[in-house]
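Colleague: Fold the following.
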Amino acid sequence: MPEQSERVKKADEKYCHECGEIIRAKAEICPRCGVRQPFMGTSGLNLPDNFMAQGQPRSRIVAGVLAAVGGGIGLHKFYLGKPGWGIIYILLIWTGIPVILGLIEGIYYLTMDDQSFQRRYAGPAWNSKPTDYNATPRT
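Modeller: So this is what the prediction gives:
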């Protein structure tokens, strides 16, 4: 069985929002970590499935450019599904610190390989927990 880092996500798959494992797109619970996946369908609402792009790939280039150009107001944080950090960047813009951090993060995103970027940043909107993708799966 290939390592997770060697496996490519297919169109009918997504990343678990907790452990980063590639799972079926309609899975309600991750088979690796056992965590329930949020917003997994319309649930009676008249909304399209996965309307918040959870588990969908995000562009490393877009994130890098947003960080470099709009990092001072946290545009890249909103794009990556971390609105809390985006608001903090907006509140601290007067210090100049978010501008410097945005440039550093932009360079970081642009120098990451695509697979690492997707494993870290593809996932649900509003996921702010750091994730250890090297953890051993539950048995």
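Colleague: for the host helix or strand of Leu66, packing partners?
Modeller: Leu66 belongs to helix 60-70 when assigned by DSSP states H and E. The contact analysis (3 or more CB pairs under 8 Å, 6 or more residues apart in numbering; DSSP states H and E) places helix 60-70 against helix 75-79, helix 97-111, helix 114-121. Yep, even glycine has a C-beta here, placed from its N, CA and C like the rest.
Colleague: Let me see the mean pLDDT of the last one.
Modeller: For helix 114-121, mean pLDDT is 82.
Colleague: So that it lines up with my notes, have the first residue be 763 from now on.
Modeller: All set: I'll call the first residue 763, so the last point we hit is now helix 876-883.
Colleague: which of the residues in it are buried?
Modeller: Under the neighbour-count criterion of 16 or more other CB atoms under 10 Å, helix 876-883 has Phe879, Gln880, Arg881, Arg882, Tyr883 buried.
Colleague: quick check, nearest of these to Tyr841?
Modeller: Tyr883 (9.1 Å; CB to CB).
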